[in-house]
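Peer 1: Coordinates for the following, if possible.
(3 chains)
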Amino acid sequence: MYEDNRIIRNAQALTTDFIPSRIFSRDGQLQAMRDDMRPLLKGLSPRHSFLFGKPGTGKTCMARYVAEELAQHTSSVAPVYINCWESTSRFKVLYTILQRMGYVLSVHRKGTPTDELMDILRKKLEEKQAVIILDEVDQLEDDKILYDLISLPKTCLILISNNETAFADVDQRVRSRLAAADHVEFPEYKTDEIMGILKDRIEWGLLPAVIKNAQVEMIAETAGGDARVAIDILRIVAESAENQDLEKIPDKLIESSLPQAQVARKDENLTRLNPYQRAIVDILTRNGRTDSGTLFRELQGIARKQKLEPIVDRTFRKYMDKMLRYKMVESEGSGRWRTYRLI
DNA sequence: CCTCCACTGGAAGATCGGGAAG
DNA sequence: CTTCCCGATCTTCCAGTGGAGG
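Peer 2: Sure, this is the predicted structure:
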């Protein structure tokens, strides 16, 4: 298929969505999660699990890996992956779950009440059990969905978050049930562990002998314990070497790809913003730390100049909330002395 | 001590776009 | 076609917060 490729064999293996054929340096976590899900094989209720740890520590990868593994053992279990970043509402989460379980919703896309989706899901689960992965679960805007899902029979939930205290302010009933879930911690990778992961990806994704061991080590060191960053750098390096028709990866390409990997991340974030939020980013770039009142007044000024409809102050605060959740902006202080600043 | 000020954020209502029902 | 209903988003309303300044 890629006869003329000199560097890349399988581009998919160089992405962070790729589910590898084996998991590195995570034996304890792997065993724990297999044990949690095992009851599903006998049609019993499994134990839910909660995975936490910094970005790029293998949480998502592990969850998808064990879910797929189980699905290969038995056809009665469906693996369902949901990113709560993309599906923040109760409706969207249910809609996406049903879609992933193969329920065709083309008949009524909209105008379907959420409770009805819940009923459909319950019926679906009578035929087939599910492992539902809720990634970035702290991004959910409506935690009622957690209550809905956690009380489903014969369903295994895998919840993923960057911080262990993601459920500090959810409903008491949900919290007590979550306390019983298996808390699985993912510590940061060490450089040699990152190297193990990279070498695996290289074996699948690249043609033989295009990258040197010392170069892999260089990438692993710059990644700072974040496997996601390491894989991003590897992909960008490989892609640009391929585009330049090189046969091997030169050292200087690795150095120059580092900032590129960071910019790619930032752009990804900007596309999620509306014109007002982009204007807010502009103001914060110009002003640095800014208090809420000033920020709002400047925003109204810019909106007028750009012929955008003026927005009401409450809407502005909602936008700021979102940007805080996206971790693009951080706030300091409280009440009327609160200030915002770009991260 | 009390009241004012500037901002916060929950709750309810209005509006929009789109599909379904009649 | 019109009417109705849905979720999503924005607006309106308003009680709450806590330092400033009398």
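Peer 1: Tell me the buried residues in the helix or strand containing A:Leu125?
Peer 2: Taking DSSP states H and E as the criterion, A:Leu125 maps to helix A:114-127. For helix A:114-127, burial by neighbour count (16 or more other Cβ atoms under 10 Å) applies to A:114, A:117-118, A:120-121, A:124-125. (Glycine included, C-beta is placed from N, CA and C.)
Peer 1: for stretch A:241-256, same thing?
Peer 2: Under 16+ other Cβ under 10 Å, the buried positions of stretch A:241-256 are A:241-242, A:249, A:253-254.
Peer 1: Helices - which of these land there?
Peer 2: A:241-242, A:253-254 (DSSP state H).
Peer 1: Save these as JSON lines, and put in pLDDT and distance to DNA strand C too.
Peer 2: Shown next, in JSON lines, are those (pLDDT from 0 to 100; distance: Cβ to the nearest atom of the strand, whole Å):
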{"residue": "A:Ala241", "pLDDT": "90", "distance to DNA strand C": "40"}
{"residue": "A:Glu242", "pLDDT": "89", "distance to DNA strand C": "38"}
{"residue": "A:Leu253", "pLDDT": "88", "distance to DNA strand C": "40"}
{"residue": "A:Ile254", "pLDDT": "87", "distance to DNA strand C": "40"}
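Peer 1: Widest-spaced pair of those?
Peer 2: A:Glu242 and A:Ile254 (14.5 Å; Cβ to Cβ).
Peer 1: re the thing from before, how about the helix holding A:Leu125, does it get close to DNA strand B?
Peer 2: No - Helix A:114-127 does not reach DNA strand B (Cβ under 7 Å from any atom of the strand); its nearest approach is 11.1 Å.
Peer 1: Up against DNA strand B, what does the stretch 201-343 of chain A have?
Peer 2: Residues of the stretch 201-343 of chain A lying near DNA strand B (Cβ under 7 Å from any atom of the strand): A:291-294, A:313-314, A:317, A:321, A:335-336, A:338.
Peer 1: do that again at 10 Å, thanks
Peer 2: Applying Cβ under 10 Å from any atom of the strand, we find that the stretch 201-343 of chain A lies next to DNA strand B at A:291-297, A:312-318, A:320-321, A:324, A:331, A:333-340.
Peer 1: Give the ChimeraX command for selecting the buried subset of the residues you listed.
Peer 2: The ChimeraX selection below is limited to those of these classed as buried (16+ other Cβ under 10 Å):
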select /A:292,295,296,316,320,340
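Peer 1: What score does the residue of the stretch 201-343 of chain A found nearest DNA strand B have for pLDDT?
Peer 2: The minimum distance from the stretch 201-343 of chain A to DNA strand B, using Cβ to the nearest atom of the strand, falls at A:Gly293 (1.7 Å). Here the pLDDT value assigned to A:Gly293 is 93.
Peer 1: what sits against it?
Peer 2: Listed by Cβ atoms under 8 Å, 6 or more residues apart in numbering, the contact partners of A:Gly293 are A:Arg336.
Peer 1: Over to the one 10 residues further on?
Peer 2: With contacts defined as Cβ under 8 Å, 6+ apart, A:Ala303 is in contact with A:276, A:279, A:309-311.
Peer 1: With respect to DNA strand C, which of those is nearest?
Peer 2: A:Ile311 (4.2 Å).
Peer 1: Look up how far A:Met118 lies from the closest one.
Peer 2: For A:Ile311, the distance to A:Met118 equals 34 Å [Cβ to Cβ, to the nearest Å].
Peer 1: With A:Gln29 instead?
Peer 2: For A:Gln29, the distance to A:Met118 (Cβ to Cβ) stands at 31 Å.
Peer 1: buried ones in stretch A:222-236?
Peer 2: A:222-223, A:225-236.
Peer 1: rewinding a little: would you put the C-alpha positions of the helix holding A:Leu125 in PDB?
Peer 2: Output in PDB follows, covering the C-alpha atoms of helix A:114-127 (Å, rounded to 0.1, in the frame of the first residue of the first chain):
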ATOM      1  CA  THR A 114     -33.100  11.900  27.000                       C
ATOM      2  CA  ASP A 115     -35.100   9.600  29.200                       C
ATOM      3  CA  GLU A 116     -36.000   7.700  26.100                       C
ATOM      4  CA  LEU A 117     -32.400   7.200  25.200                       C
ATOM      5  CA  MET A 118     -31.900   5.800  28.700                       C
ATOM      6  CA  ASP A 119     -34.700   3.300  28.100                       C
ATOM      7  CA  ILE A 120     -33.300   2.200  24.800                       C
ATOM      8  CA  LEU A 121     -29.900   1.700  26.400                       C
ATOM      9  CA  ARG A 122     -31.400  -0.400  29.200                       C
ATOM     10  CA  LYS A 123     -33.000  -2.600  26.600                       C
ATOM     11  CA  LYS A 124     -29.800  -2.900  24.600                       C
ATOM     12  CA  LEU A 125     -27.900  -4.000  27.700                       C
ATOM     13  CA  GLU A 126     -30.200  -6.900  28.100                       C
ATOM     14  CA  GLU A 127     -28.900  -8.400  24.900                       C
END
